[in-house]
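Chemist: need coordinates for the following:
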Amino acid sequence: PDHAHYRGLVARFYSAQRTAGLEPEVRRIVTEAIDEIIEQGEGDLAETLSAPISPTSLAMFIGLPPQDWSKFSIWSTQVLDFAGTNRYEQAFAVMTKMVEYFNDWLDDRAANPTDDFASLLVTAQYRGRNLTREEQLGYCQVLGLAGHETTSSAMGNSLLHLGTHPEVRQRLADNPDLIP
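Modeler: The predicted structure follows:
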């Protein structure tokens, strides 16, 4: 029951309109990554696209300032890499940096609200009370890490599918309107 209520607090943030607003910037990043592969003459498309685009698009989505997108990307990638290879002390050290960053970001949005994710968190009500800072930080961590892993995996799996099913790739090339 609590999960549904907590999820409902931020559900309005996940709108099609908000996601569509990111498309031009994500397209620019993808185009630059593909251009780099073309310029080099070869490359790993999944690595080139999934690794940087997932955390960068999440940083954009939640409203981090553009100058912090690469920092967020590095941190989230490091935490997942360290944890995935049992280097928990290193993962914890990076998570500590992320928490400090998010804490400052939440403080700033409490004083200067915008229409971003942090502003939503500092004003959200759970059963008649504001979310605690720990709850707010939990949302930031879950979105930043779980969202990164999920998005990267989905992108990698999609590229694998397109690479191993030329008929699907051709169908999409012939009918780009099929791409959501």
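
Chemist: next, residue 161: phi, psi?
Modeler: Dihedral pair for residue 161: phi -60, psi -50, per degrees, to the nearest 10.

Chemist: residues contacting it?
Modeler: By CB atoms under 8 Å, 6 or more residues apart in numbering, the contact set of residue 161 is residue 168. Where C-beta positions appear, they are placed from N, C-alpha and C, glycine not excepted.

Chemist: can you tell me how far the one residue sitting closest to the centre of the chain is from residue 69?
Modeler: Computing the C-alpha centroid of the chain and ranking residues by CA atoms, centre = their mean puts residue 58 first, at 2.3 Å. Applying CB to CB, to the nearest Å, the value for residue 58 to residue 69 is 9 Å.

Chemist: same deal with residue 125?
Modeler: Using CB to CB, we find residue 125 at a distance of 30 Å from residue 69.

Chemist: what about those two, which has more around it?
Modeler: Ranked by neighbour count (other CB atoms under 10 Å), residue 125 and residue 69 place residue 69 first, with 19 against 9.

Chemist: quick check: the more buried one touching residue 57?
Modeler: No - with contact defined as CB atoms under 8 Å, residue 69 does not count as touching residue 57 (9.1 Å).
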